[in-house]
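Student: Curious how this folds, go ahead:
(chains A, B and C)
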Amino acid sequence: MSRRLPQWELTLVVFTLVAAAWSATLSPYYLSLDQILNSTRQFVYPGILAVGLAVVVVLGEIDISLASTLAFGAVLFSKFSAAAAPIWLAVPIVVAACAALGALNGVLVARLGLPSLAVTLGTMGAFRGLAFILGSETGYTSFDDSYLYVGSEELLGSLPISFVLFCGVALAVGVLMRRTVFGRRCYAVGLNKEASWAAGIDVAQLKIQAYALAGGLAGLAALVWIGQYGSARGDNADGAILLVVTAVVLGGVDINGGRGGILGVVLALFLLGTMRNGMGLANVAGPTQTIVLGALLIAGVLRPAIFRAVARVYRLMFPRLADAPN
Amino acid sequence: MSSEATVGAVEGPQRTLGQFALRFRVSGVLAFLILLSAGFALLRPQFLIPENLSAILSNAAILMIVAAAQAVILITRNLDVSVGSIMGFAAYLTADFAARNPGVGPALVLMPLAIGGALGALNGLLVSYGKVSPLIATLGTMSVYRGLTYVYARGQEVTSNRLPRWMIELADARLSGVPILVLLAAAVVCLLAAFLRFYPLGRRMYAVGSNPEASAFFGLRTQRIVLLAYVVGGVMCGLAGFLYAARVGTVTVILASGWELTSLAAAVIGGVSVTGGSGNVIGAALGAVVLATIDNGLVLLGVPEFWRMFIQGVAIVAAATADVVIATRIRRSLRVRRRLVRSAA
Amino acid sequence: MTGFGQDPTLRVAGITKSFGASNALADVSFEVARGRVHALVGENGAGKSTLVKIVTGILEPDAGEIALNGELVRFATPIEARRAGVAAVYQDPKLFPHLDVAENISMGAAPVTPFGTIDRKAVDARARQSLARVGVDIDPHALVAELSVAELQFVEIARALTADLSLLILDEPTSALTPAEVEKLFRIVRSLRDQGTSIVLITHRLEELDLIADAVTVLRDGRHVATRPASEVSRAEIVRMMVGRPLETLFAERKARTPGREVLRVEGLRSEGVFSNVSFTLRAGEIVGMAGLVGSGRSEIAQACFGLTPPTGGRITLDAAPVTPRSPKQMLGLGLAYLPEDRDGLGLIMSSSIVGNVTLPIVNRLARLGVVDEAAQRSVASEAVKTYDVRTTGIDQLVSDLSGGNRQKVAFAKWLSTRPKVLILDEPTHSIDVASKAQVHRMIARFADEGLAVLVISSDLPEVLAISDRILVVSEGELVAEIDPSTADQATVMMAATRNARERADVL
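Tutor: Below is the predicted model:
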């Protein structure tokens, strides 16, 4: 809805390039296309979750149960695989089931009026519990190859299919938010839901649809997960929600709703991916990476302050560019 | 003439409807707890034996402290998902220190308190002065604190034989049959409850959670109050971490991960509102007991552990629903009553 | 009481304040004498609230000085002002709903025992004392969340009284009160005045000046126009000073209209505890005014018709088809539009642009297969800006940057973009400068001429009389009278509006 210049998005691109340059100095292997493409794998399933979460956050709500929905989806896939069901049958059903879980969140939030943090806190446990109940203790690893295809194979030698899927999802949802009636209404509700209701928007239905969309995308992310890790168990993606929320917040989506877009989220994911990649090459230990991630999340929210500083630099360098309202 | 009498006068027992509803919420949890226990007792009579009940309370004890910590923060309209990480960090550092200094006495307990307070202060600074949303801030510090624990530990764990004797004994000690841990937890919760109820600073915490704009307007030093809430929460988490280490013996790096959700669950079940301004630590402590009772009952019934997570989740949603339903009922009945009173005059 | 040579309670001299390029206040100077009820009037944007914010310490003036009881003061925070004896009570209550009345009154300065705990007995005593001084019977243990709007105001005043109050500022205190409550408030105000406190009363309701004010200050465009004793100045003069134009040219001329077919029929409409047995019809091409006191239920009736808060009983027939209002989406689709009284909070999305606001209700009509047609949207918005004469830098300008009058025009454009058959306007000229008011009246007349059935809810009696073809009067949730404006005057309408339900039988 805002016609301002995407200054935050530009900032993210700059930071990503800086991170890439740093990674290149650390290791000569960094600049190979194969390596970069391969490294995107890790961020596909959180990325798909982040795209779904972004829609919900724009509406002014939150959903911390998405990782649990993914676990449920993964375990459900395992059931289908065990029953020797064809992949083209399993995918729509699992996605639909996960969307139904999302819709449940939506109904609790929109029709019962419960605070979304409390609700998704509850469903985070409930859905994961369901995943545990449905699955087995040791986890399922004997997936049929067709199930693993999306998450593990490549096109043209080195382009991971999962990455292509992510780009497609991001593009589709990005267009959805910027160009369609649904997206326009989401932004309006995020800015002022009472006024949107009075203007004839069915706020409850919109929220349910958004949550269902996020849930369905989690089901898609589950497909990527099982291909990537080859296993399905109740504790899949436990804790992933931190990365997902970080990507959304760092991407410039306002946690109060009504502002921000998919492009920012995608760029934030690229930045996070580049940093993770670089840190891996620099042999930075996992726990330290977690610290950096946490710090980035906080920096992401201190964004307006950072933004103002960056804007000042822009104004000095390019006085003709318009200032964005913030 | 007659319409004048209606202004300001809300007569009779309805006068305390609002307070009644709030008190009802805590007694509601108590009632639920009793019902739950009765249910389990019917299905498995051994539920009621003193050793079992004592085990429930011991299990609940540490969670009670963390739930109370979470409650204090929730009351100011904030939250803290880094409680588990604070517990872990404080516990590990303290255990490691104790292992390196074998003769250390009970003054050791000051260390986790101080560490917890410092970590809580950082959370508080981010939220109140940095104006970062509490979910985001504590989601970030959750991983930072846990990561720091990892980095410090370098893969080692502290085994119980390296911890002070008195610390291990504390976990099992009893005073006339009641575990010291339970007494300690009850004492801490009661102190906190008294603070929130009787001291100006405690009441200001409710005010800040009830209407942050009005608080600022009336010069209530909102930022300092929120910071204090997080510090108090952090100190309690430090204590809880220490007690948990004493109980569990071997202190690993992942100690208490997942406790953030459980503490939130306990608080919500206990009637503390996620939107701030209402609820109390007693309710949160009762919520902790409810969760421990559910766990215990499930074990007795032979139900697999994963159901626990599911049931916990459902309990949170149910509690939140109950709060909303009650609030709507009150609002609706008040509106109708006011109009009726007015027109009947 | 007011001795010769005694310092005035408040003296402001040369107060100037600008926000960026706009001058909110320029060289404002006047005095409020002791023991006076001093009204402060002016149109929206005249600078009244800015002045109050400066006096109470929320803002700092760019220039000028303030003297309280003869001493120069400069407050940095409202708390400082309160301690010095200056307190303001605003329309939005700054109270804590989860706490009880007594705690609210003492919050921030509660009496403590030697142990440091709150002295609950003293808190209760202080609350009872303050409430008694105010003269209301409110249970100090009641939760603030349970109180009515009037009770909230009284508690706020009680709160302000805990310090030694020299100056009490009331910002539009009566806009949400019933007549009985207004009476009570004024009684309190008079008693406070007699006790030595000076009261500054900001109001848009000039009729109140006759009832309560001792002196009047008029501000216009940030400048002080005049300060006079209330007895020495007439209402017409005050309006002229506020506006710079005489009273008569304010309202559009009413011309005779022949209404067309019936478009809306409401029968026995009821909302539990709010209004009951409401029946009326609207015909195409007519303007029906709905008068009544604030709180009589007019907005609720309209909101029930619009589906904002569905009714609990009764029948509505729209364009000869029966309908049960369930949501604004449904009713807009059927051709009934409602422009809410809370224009900035409910009628518009402030942080959105003109084009965003205007096209929101019809966004799905300006789209193909769910994808928005940007060009169509922009042309609709540009068209609207032209048609409604919105003063703006462009359709991408944020609505929050526009003046009240222009926001109202955008709101009109928004609701009329849905091409309704029935248009309900709730206080359409509330908080608008007088020039825009006249424009709005002309637009309303044009809507009717174009065939819409228009219902205008208004608390402004001259306005209702001037623009309506017929007037429905609502009192305490019931439709008590239908009045022909050509044969009635303000007194008639007022009488009907204040008539108790029991006496209603005589009129109808």
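
Student: Near chain A, which residues of chain C are found?
Tutor: Listed as neighbours of chain A in chain C under the rule Cβ under 8 Å from any Cβ of the partner chain: C:308, C:327-329, C:332-333, C:338, C:340, C:345-353, C:356, C:360-361, C:363-364, C:367, C:370-372, C:396, C:398, C:414, C:418. All C-beta spots, glycine's among them, are computed from the backbone N, C-alpha and C.

Student: Which among these count as buried?
Tutor: Of the members of the residues of chain C next to chain A, the ones counted as buried by neighbours, 16 or more other Cβ atoms under 10 Å in any protein chain shown, are C:308, C:327-329, C:332, C:338, C:340, C:346-353, C:356, C:360-361, C:363, C:367, C:372, C:396, C:398, C:414, C:418.

Student: What residues sit buried inside the host helix or strand of residue B:138?
Tutor: Using DSSP states H and E, residue B:138 sits within helix B:134-153. Neighbour-count burial for helix B:134-153 flags B:134-150, B:153 (criterion: 16+ other Cβ under 10 Å).

Student: Run through those and flag the ones next to chain A.
Tutor: Near chain A, by the rule Cβ under 8 Å from any Cβ, you find B:135-137, B:139-144, B:146-148, B:150 out of those.

Student: Can you flag which of the buried ones among the residues of chain C next to chain A belong to strands?
Tutor: Mapping those onto strands (DSSP state E) picks out C:338, C:367, C:372.

Student: ok, the residues you listed vs residue A:256, which is closest?
Tutor: residue C:372 (23.8 Å; Cβ to Cβ).

Student: check contacts around the closest one.
Tutor: If you count contacts by Cβ atoms under 8 Å, 6 or more residues apart in numbering or on different chains, residue C:372 has them with A:179, A:180, A:181, A:184, C:363, C:366.

Student: just to revisit the earlier point, determine the set of other helices and strands touching the helix or strand following the helix holding residue B:138.
Tutor: Next along the chain after helix B:134-153, taking DSSP H and E as the criterion, comes helix B:165-172. Applying 3 or more Cβ pairs under 8 Å, 6 or more residues apart in numbering or on different chains; DSSP states H and E, one finds that helix B:165-172 contacts helix B:180-198, helix B:222-248.

Student: So what touches the first one?
Tutor: This means helix B:180-198. B:54, B:57-58, B:60-62, B:64-65, B:68, B:72, B:75, B:170-171, B:173-175, B:201-203, B:205-206, B:232, B:236, B:239, B:243, B:247, B:280-282, B:285, C:117-118.

Student: how distant is that helix from the center of its chain?
Tutor: Between the centre of helix B:180-198 and the centre of its chain there are 12 Å (Cα atoms, centre = their mean, to the nearest Å).

Student: Per-residue pLDDT of residue C:195, please?
Tutor: Note on residue C:195: pLDDT of 83.

Student: ignore the last one, residue A:324
Tutor: On the pLDDT scale, residue A:324 is placed at 42.

Student: and the residue positioned nearest the centre of chain B, what does it touch?
Tutor: Centroid check for chain B by Cα atoms, centre = their mean gives residue B:67 as the closest residue, at 1.5 Å. Applying Cβ under 8 Å, 6+ apart to residue B:67 gives the contacts B:263, B:266, B:267, B:270, B:281, B:284, B:285, B:287, B:288.

Student: try 10 Å
Tutor: For residue B:67, the contact set (Cβ atoms under 10 Å, 6 or more residues apart in numbering or on different chains) comprises B:60, B:74, B:83, B:185, B:189, B:236, B:240, B:259, B:262-270, B:272, B:281, B:283-289, B:291.

Student: and the closest residue to residue C:235 other than its chain neighbours, how many neighbours does it have?
Tutor: Distances taken as Cβ to Cβ, 6 or more residues apart in numbering or on different chains put residue C:206 closest to residue C:235, at 5.2 Å, once the chain neighbours are dropped. Burial of residue C:206 is recorded as 16 neighbouring residues (other Cβ atoms under 10 Å in any protein chain shown).

Student: Verify the stated contact: residue B:80 with residue B:234.
Tutor: Yes - Residue B:80 lies in contact with residue B:234 (Cβ atoms under 10 Å); the separation is 8.2 Å.

Student: Between the two, tell me which one has more neighbours.
Tutor: Per other Cβ under 10 Å, whichever of residue B:80 and residue B:234 has more neighbours is residue B:80, with 34 against 30.

Student: confidence score at that one?
Tutor: Predicted confidence (pLDDT) for residue B:80: 94.

Student: re earlier: I'd like the helices and strands packed on helix B:165-172 as JSON lines, with distance to residue C:435 and mean pLDDT appended.
Tutor: Shown next, in JSON lines, are these (distance: least, Cβ to Cβ, whole Å; pLDDT from 0 to 100):
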{"stretch": "helix B:180-198", "distance to residue C:435": "55", "mean pLDDT": "94"}
{"stretch": "helix B:222-248", "distance to residue C:435": "42", "mean pLDDT": "94"}
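
Student: what's the closest of those helices to residue C:32?
Tutor: For residue C:32, the closest of those is helix B:222-248, at 32.1 Å, according to Cβ to Cβ.

Student: In that closest one, which residues are buried?
Tutor: B:222-223, B:225-247.

Student: Does chain C have contacts with it?
Tutor: No - using Cβ under 10 Å from any Cβ of the partner chain, helix B:222-248 stays clear of chain C, with a minimum separation of 11.3 Å.
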